[in-house]
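# What follows is a protein structure lacking sequence information:
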């Protein structure tokens, strides 16, 4: 671990690439510290077609397209150990352009990594790849077949990427491949289908349907990706915050008053929009099936095999989100103060949990040493 | 499971206790016809004593159930405002009578101030707890478990199911001692009656009559998740979709799981085929039990078959509206929603001797022969239990 690692982050111009690169550099330069990142030293290279908006201190930025065949040369000459592949473009409909960047791009990056002998590749995916089906078990394990919807571009591309990765893992067993599947990502900064869903002026739900839902905090997504970059954990993992909530409660906690729509009308409406060429996801950031049927991921592997526990619980994620929303709307002093109190209480609780976890981990390590 | 939510369970109990003394409850003391005779009665010293006594008892009960509750300070103005609020629920004529009665009783100086304080206390308490419940639901301050079980929803609808259980079908149970107080067990039940009332009644039998008041996790068929309201309600009742993943996970959590292996074939049975068990699925429930070393408790439900009389099935209609089956009965679909009203038959739910599954090898799950044999064995046991009960039954409606 004391050797200086070379980490290449693709899509560094995007939100996730920027955040991951920034946090990696902070950990490598010991500006910030984390138990699992002890003695971590790294040279971080960022690749994207456009440079990041704000300059990232210490980042070695290289302007290139990931589909460029010369990527192999770059990986070879820079002796890249780990690739964190975060170049992904969201799209409403399944388009050729998004398929080319997302699916073909991933194929090319993974191909180049295998060619250049890269030690490990980390990818970010979503639990939406399982698909929301009435026949889903209440908890979807990582080996459950991927029946994700093919009508929204983003989900279709993710399913395609995962299908490719699945085959590639068998072809190139010597390269570690870590795929992290996240549920709806919520946070004060990020823009995801879930935050768009919760920010809409009126949010439709389907009358009489209240599926169980999962969320995760944007910081925990970044943290999990970095954890996978630093620690070797081959395989696919669902990563979500503790706490599974019914959709109605999720929206209540996020300060939303749901507008119930009879499900047949909602589906007809969505089809009508689709036929007339209006992007459906402008009004429905989350596909209707995904607010009708359960798609809750099982977290046993995350806890046991990956050993990563998100810092925020689902309730804390939503409380923070709604607090920030309220602040932005400029609330009277008292509300802001009440939120500040809430936030501090949550932060204290989170830190207490993290300390307890770290202590128990240290305790375990010591025991292991004694055993030796 | 049911005792997890202790604090607010208490609240609900007190709410029930608290309602009688309000103006609504006292209407028995003040008959709406308001004859002079009733007034005379009330002036009677013994009745007055008794009423005061009952009120005092009630206040004590509420206080002991929730010691931290303190009502706003008592004032006559506040009390009248509160009374007004509560009285608005009645028809104007009735509330006028009630208020007149109150006026006369105050004029007669019937109660001392302490009693009024008590009334104030109880009214405030019941109002506040109702407002609380509503507020909690809107702000998301309620808890569900990871399967979606929601105690507040269950408490809200339980009185209706209790009525069906106690008064309508007069369910009689036997063999509840075979259900363990804790730890995993798999209830295997015969399915009948067109609508899954039997699932609710078996669950209620264990919840109400078993000493441990266990929650039964019923695995339901995969048609229900696509239906509005029903899907949600089932999840809130702590039930989940029937598949091996869910069943095994629940049993590994040491829960009490109920399966209806006959599925649609059982529930959609014609009247002429009643009490003849259909095929027991593909033996998935046996694999669940073998995998988790859970014992199987055979359960027979008698009486549910006659709640609806299905004379024929229409596969064409069923296909057209995506129903698994579409029964034709003397009342359905001819009388619309009236067709949903079940017949008030007398029900018997018998819980049989547990069949142990823990002495098989771990790889027995893979053994198709063994699985189908065990499934048949359980089926025969249940069929025998049904025949035994039918032989004892003299009347469909009176048992």
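Sure, I can see it. Quick caveat: nothing in here was measured; it's all calculated off a predicted structure.
# Now for residue 227, how many residues are close by?
Since no chain was named, I'll use chain A. 21 (other Cβ atoms under 10 Å in any protein chain shown). Using the backbone N, CA and C atoms, a C-beta is placed for each residue, glycine as well.
# Sorry, I should have been clearer: chain B.
17.
# same question, residue B:259
25.
# Distance check, it against residue B:383.
16 Å (Cβ to Cβ, to the nearest Å).
# before we move on, what about residue B:322?
Distance of residue B:322 to residue B:383, given as Cβ to Cβ: 32 Å.
# Neighbour count: the two, which is higher?
residue B:383 (16 against 9).
# Pull the contacting residues for that one.
residue B:277 (Cβ atoms under 8 Å, 6 or more residues apart in numbering or on different chains).
# That one: which element?
Secondary structure assignment for residue B:383, by DSSP states H and E: helix B:368-392.
# Any buried residues in that helix, and which?
B:370, B:371, B:374, B:375, B:378, B:379, B:381, B:382, B:383, B:385, B:386, B:389 (16 or more other Cβ atoms under 10 Å in any protein chain shown).
# Same check on stretch A:348-367?
Neighbour counts over stretch A:348-367 (16+ other Cβ under 10 Å) mark residue A:350 as buried.
# Equivalent analysis for stretch A:180-193, please.
A:180, A:181, A:182, A:183, A:184, A:185, A:186, A:187, A:190, A:192, A:193.
# likewise stretch A:28-45?
For stretch A:28-45, the buried set under the neighbour-count rule, 16+ other Cβ under 10 Å, comprises A:28, A:34, A:37, A:40, A:42, A:43, A:44, A:45.
# Adding pLDDT, write these out as TSV.
Below are the buried residues of stretch A:28-45 laid out as TSV (pLDDT from 0 to 100):
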residue	pLDDT
A:28	88
A:34	81
A:37	80
A:40	86
A:42	90
A:43	93
A:44	94
A:45	95
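# on that earlier part again, quick one: the helix holding residue B:383 to chain centroid distance?
Offset of helix B:368-392 from its chain centre (Cα atoms, centre = their mean, to the nearest Å): 28 Å.
# in the stretch 1-150 of chain A, what spans have low per-residue confidence?
The model of the stretch 1-150 of chain A has pLDDT under 70 over residues A:1-2.
# Tell me the residues of it that contact chain B?
Among all residues of the stretch 1-150 of chain A, those adjacent to chain B (criterion: Cβ under 8 Å from any Cβ of the partner chain) are A:134, A:135, A:136, A:137, A:138, A:139, A:141.
# so what's the fourth one up against?
Read that as residue A:137. A:144, B:241, B:243, B:245, B:246, B:249 are the contacts of residue A:137 under Cβ under 8 Å, 6+ apart.
# So is the helix or strand harbouring the fourth one next to chain A?
In other words, residue B:245. Element membership for residue B:245, per DSSP H and E: helix B:244-252. Yes - against chain A, helix B:244-252 shows contacts by Cβ under 8 Å from any Cβ at B:245, B:246, B:249.
# now what about that helix, what contacts it?
A:137-139, A:141, B:147, B:184, B:186, B:217, B:219, B:240, B:257, B:259, B:284-285, B:287-289, B:291-292, B:294.
# so residue B:144 touches residue A:250, yeah?
No - Residue B:144 is beyond contact range of residue A:250, at 11.0 Å (criterion: Cβ atoms under 8 Å).
# Between those two, which is the more surrounded one?
residue A:250 (29 against 21).
# returning to that earlier point: the helix holding residue B:245: which residues count as buried?
By 16+ other Cβ under 10 Å, the buried positions in helix B:244-252 come out as B:245, B:246, B:247, B:248, B:249, B:250, B:251.
# Each with direction, which strands does the helix or strand that it is followed by pair with?
Of the helices and strands lying after helix B:244-252 in sequence (DSSP H and E), the nearest is strand B:256-259. If you go by DSSP bridges, strand B:256-259 pairs up with strand B:185-189 (parallel), strand B:216-220 (parallel).
# Report the rounded mean pLDDT for the first one.
Strand B:185-189 shows a mean pLDDT of 96 in the predicted model.
# Please apply the same query to stretch A:355-366.
For stretch A:355-366, the per-residue pLDDT averages 74.
# Ok, stretch B:47-62 next?
77.
# Backbone dihedrals for residue B:230, both of them.
Main-chain torsions, residue B:230, degrees, to the nearest 10: phi -60, psi -50.
# who's in contact with it?
Contacts of residue B:230 by Cβ under 8 Å, 6+ apart are A:208, B:224.
# coming back round to it: secondary structure, distance to chain B and pLDDT for the buried residues of stretch A:180-193 - can I get that in CSV?
Shown next, in CSV, are the buried residues of stretch A:180-193 (DSSP: H, G, I helix; E, B strand; the rest coil; distance: Cβ to the nearest Cβ, whole Å; pLDDT from 0 to 100):
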residue, secondary structure, distance to chain B, pLDDT
A:180, strand, 21, 97
A:181, strand, 17, 97
A:182, strand, 18, 97
A:183, coil, 14, 96
A:184, strand, 16, 95
A:185, strand, 19, 96
A:186, strand, 14, 95
A:187, coil, 18, 92
A:190, coil, 22, 91
A:192, coil, 20, 93
A:193, helix, 21, 92
